[in-house]
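In: Next come a sequence and a model predicted from it.
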Amino acid sequence: MERVESVDTAVVRPTTAAQRDERSARNQGRPTLEFGQRVPYDSYVHASTLHTLQRTLSGDPGEMSFLVVSQIMELYFKLIRHELIQARDHVRADQPWPALAPLRRAALHLEGLNAAWQTLRWMTPGDFNRFRDLLGEGSGFQSAMYRQVEFMLGLRNPALIRPFRGSAAFDELTAAIQEPSLWDEVIALLARSGHDIDPELVGRDKSQEHEPDPTVAEAWVHIYRNDGPDNHLRMLGEALTEVADRFGDWRYLHLKAVQRTMGAKTGTGGSNGVAWLQRSMGRTVFPELWTARTDM
């Protein structure tokens, strides 16, 4: 299970509905203004800490937008990974119905992530060039949390862990790529549910990227032919499709943002920029859910 960071319960004190009603009556319906210590909201959200993390490298006012949106995206990556882990654990336990809720939340979080690109549409190549050189070799390609999301979705390339050598992220990514992805667990669930899945596929090396398999596609064809209200596997397939669809939107919007701000220039992380992103988009998430649609 994913490790969840604990909240300082010594500062964040639980209250009951009766206590809240009593305080509201005492305040005559007005919000509480005196706490005598740290504001409870900040104790929980740590907003005062978050607002110290925006350290721009230039005097350009537009850089703040670029930095804050990048940090927002990092938080969304963490949230999406959290939901995918919950879904994977339910699938592993033969519980497709409970897996639907975290998958639906993940799809909505991806919508929020994708909306973040809209707030950078003001940035022209000239705007970006005013501070781009100061970023050095820093690149979104180096986001460890984004790699965690890709690994959970089944997009795996062990070479992409190499930039993190010497950091805690390296050990975390190495462990993550050895664990079955969400899609690996879905395929194993299909096999346990009686579908004729190639046994070698179930027992394969999970650190390598999954290649589309016709037995998995055929299983989804059979699942989708039953449109009854109790077909939880069909519901699982649709929830997974929504996640894959929204993730595809993310990759497309990333590509368009790069084209808009830097054209076909070399990326700050050393890649060939747009061309690298275009190749990455060719790696399909949950591929058999898409190929099976041809035969449905």
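Out: Good, I have the coordinates. Numbers count the residues shown, from 1 in each chain.

In: low pLDDT regions in this protein?
Out: Low-confidence segments of the chain (pLDDT under 70): 1-11, 266-273, 276, 281.

In: how about the helices in it?
Out: Taking DSSP state H as the criterion, the chain carries its helices at 17-26, 40-45, 47-50, 63-92, 96-116, 125-132, 144-153, 168-178, 182-192, 199-202, 214-225, 232-262, 274-281, 287-291.

In: Flag every buried residue along the second one.
Out: To tie it back to what came earlier, the one meant is helix 40-45. Neighbour counts over helix 40-45 (16 or more other Cβ atoms under 10 Å) mark residue 43 as buried. (Glycine included, C-beta is placed from N, CA and C.)

In: what are the C-alpha coordinates of it, in PDB please?
Out: Written as PDB, here are the backbone C-alpha positions of helix 40-45 (Å, rounded to 0.1, in the frame of the first residue of the first chain):
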ATOM      1  CA  PRO A  40      -6.200  25.400  11.900                       C
ATOM      2  CA  TYR A  41      -6.500  25.700   8.100                       C
ATOM      3  CA  ASP A  42      -2.800  26.300   7.800                       C
ATOM      4  CA  SER A  43      -2.100  23.500  10.200                       C
ATOM      5  CA  TYR A  44      -3.800  21.100   7.900                       C
ATOM      6  CA  VAL A  45      -3.000  22.500   4.400                       C
END
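
In: can you put the helices of the chain in a markdown table and add distance to residue 161?
Out: Shown next, in a markdown table, are the helices of the chain (distance: least, Cβ to Cβ, whole Å):
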| stretch | distance to residue 161 |
| --- | --- |
| helix 17-26 | 48 |
| helix 40-45 | 32 |
| helix 47-50 | 28 |
| helix 63-92 | 16 |
| helix 96-116 | 23 |
| helix 125-132 | 26 |
| helix 144-153 | 7 |
| helix 168-178 | 5 |
| helix 182-192 | 18 |
| helix 199-202 | 24 |
| helix 214-225 | 26 |
| helix 232-262 | 20 |
| helix 274-281 | 16 |
| helix 287-291 | 23 |
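
In: Of the ones you listed, which is nearest residue 160?
Out: helix 144-153 (6.0 Å; Cβ to Cβ).

In: what sits up against the closest one?
Out: Here helix 144-153 makes contact (Cβ atoms under 8 Å, 6 or more residues apart in numbering) with 74, 77-78, 80-81, 84-85, 88, 140, 156, 160-161, 164, 167, 169, 172-173, 176-177, 179, 181-183, 243-244, 247, 285-286.

In: of these, buried ones?
Out: Looks like the contacts of helix 144-153 have 77, 80-81, 84-85, 88, 156, 160-161, 164, 169, 172-173, 176-177, 181-183, 243-244, 247, 285-286 buried, using 16+ other Cβ under 10 Å.

In: Give me the nearest residue to residue 291, chain neighbours excluded.
Out: Nearest residue to residue 291, sequence neighbours excluded (Cβ to Cβ, 6 or more residues apart in numbering): residue 217, at 4.9 Å.

In: and what of residue 155?
Out: Nearest non-adjacent residue to residue 155, counting by Cβ to Cβ, 6+ apart: residue 283, 5.4 Å away.

In: The nearest residue to residue 190 once chain neighbours are set aside: what's it in contact with?
Out: Among residues not flanking residue 190 along the chain, residue 219 sits closest, at 4.7 Å (Cβ to Cβ, 6+ apart). With contacts defined as Cβ under 8 Å, 6+ apart, residue 219 is in contact with 190, 195, 196, 197, 288.

In: contacting residues for the third one?
Out: What that stands for is residue 196. 215, 218, 219.

In: again, only this time at 10 Å
Out: By Cβ atoms under 10 Å, 6 or more residues apart in numbering, the residues touching residue 196 are 190, 215, 218, 219, 222.

In: Determine which two of those residues are furthest apart.
Out: Taking Cβ to Cβ as the measure, those reach their widest spread between 215 and 222, a distance of 10.9 Å.

In: between those two, what contacts are shared?
Out: Listed as contacting both residue 215 and residue 222 by Cβ under 10 Å, 6+ apart are 190, 195, 196.

In: so who does the first one touch?
Out: Residues counted as contacts of residue 190 (Cβ under 10 Å, 6+ apart) are 91, 196-197, 202, 215-216, 218-220, 222-223, 233, 236-237, 288.

In: The same query, at a cut-off of 7 Å, please.
Out: 197, 216, 219 (Cβ atoms under 7 Å, 6 or more residues apart in numbering).

In: Could you dump these into TSV with distance to residue 54 added?
Out: Shown next, in TSV, are the contacts of residue 190 (distance: Cβ to Cβ, whole Å):
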residue	distance to residue 54
197	48
216	45
219	48
